[in-house]
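[1] mind folding the following:
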Amino acid sequence: MTWAKFSDDFPEDCSDLSDAAYRLHSEGIIYTMLKLTEGRIQKNRLRFVATNYQGNGDADGLTELLQARYIDQHGREQRFWEDRGDHYQIIHQMEHQPSKHEVEHRRTVARVNGAKGGRPPKGEPSREPSQEPSSVSEGEETHAGNPVANPDPNPEGRAGTGQGSFPQTEPSSTEGQIDTETGEI
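    Modelled structure (predicted):
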C-alpha cells in the first residue's frame, strides 16, 4: 500500500480554498499515490478521483484549483494544479510524495525480503533457532499458534521468594489481630 503524505503546512497553504477545492485537491493527491501517476490525473478520470466531483467546474473546486496559488518552500508562487491538455498535473505537495520508481523499488525489496522469510511480525518469536530451552508447556501456543518462551524470567514470583507480588503472611499469634468487639489491635 502506498500512502499520501501531507506536510505540516498543508492546511495553511490551503486555507483560502473552498471546501470543494480542498476536498478535490486532497483526494487528487491520494488518488495519484494510489495509482502511482506522480500527480497526473487524466481529464476523463477526474470523476473517479473525488467522491463529490460532478463535473460542474467552479462548484466542484476544479477551476479554483487551476487558478489558486500558494508560496512554495523556495518562496516562489505556484499553482495548485495545472491544465496540461489531456491531463491535470498536481503541483502542490507533490515534492513530499515518493516517485513511482521509489515505490516500486520498495515493493521489490519487500518482496525479496519476504521470500527470504522477512522480519517476523511483532509479538512472534525470532525465526532463528533459540539456544535457550523453552518454558512453554507441551501443546501450549500463543495467539498466532507459535510456541513462545516465558516472558517472565522469574516464574516463581518476586525476587526469588516464591511469592507473588503481594506476600501472603499470616500472624503467628494474636499479635496484630483486631478485636472485633472493641476495634482495638
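
[2] put the alpha carbons of the worst-scoring helix or strand of the chain on mean pLDDT into CSV.
    Counting by mean pLDDT, DSSP states H and E, the chain has its least confident helix or strand at helix 46-49, which shows a mean of 84. Only the C-alpha atoms of helix 46-49 are listed here, as CSV (Å, rounded to 0.1, in the frame of the first residue of the first chain):
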residue,chain,number,x,y,z
LEU,A,46,-11.4,13.1,-12.7
ARG,A,47,-14.9,11.9,-11.8
PHE,A,48,-13.3,8.8,-10.2
VAL,A,49,-10.9,10.9,-8.1
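
[3] and that helix, which residues are buried?
    46, 49 (16 or more other C-beta atoms under 10 Å). Yep, even glycine has a C-beta here, placed from its N, CA and C like the rest.

[4] name the helices or strands packed onto that helix?
    Under the contact definition 3 or more C-beta pairs under 8 Å, 6 or more residues apart in numbering; DSSP states H and E, helix 46-49 sits against helix 19-35.

[5] now for the helix it packs on, which elements pack on it?
    So helix 19-35, by 3+ C-beta pairs under 8 Å, 6+ apart, packs with strand 40-42, helix 46-49, helix 62-67, strand 87-90.

[6] in contact with Q73, which residues?
    Contacts for Q73 (C-beta atoms under 8 Å, 6 or more residues apart in numbering) come out as E95.

[7] quick one: it and E12, what's the gap?
    Taking C-beta to C-beta, to the nearest Å as the measure, Q73 falls 12 Å from E12.

[8] strands along the chain, start to end?
    Assigned by DSSP state E, the chain shows strands spanning 40-42, 69-71, 77-79, 81-83, 87-90.

[9] please identify the deepest-packed of those.
    The highest mean neighbour count among the strands of the chain, using mean count of other C-beta atoms under 10 Å, belongs to strand 87-90: a mean of 20.

[10] can I get that strand in PDB, CA atoms only?
    Provided in PDB are the C-alpha atoms of strand 87-90 (Å, rounded to 0.1, in the frame of the first residue of the first chain):
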ATOM      1  CA  HIS A  87      -4.500  15.800 -18.100                       C
ATOM      2  CA  TYR A  88      -4.300  17.900 -14.900                       C
ATOM      3  CA  GLN A  89      -1.000  18.000 -13.000                       C
ATOM      4  CA  ILE A  90      -1.000  18.400  -9.300                       C
END
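
[11] what about I29, how many residues nearby?
    As a burial measure, I29 scores 23 neighbours (other C-beta atoms under 10 Å).

[12] if you skip the residues just before and after it, what's nearest to it?
    Nearest non-adjacent residue to I29, counting by C-beta to C-beta, 6 or more residues apart in numbering: A4, 5.0 Å away.
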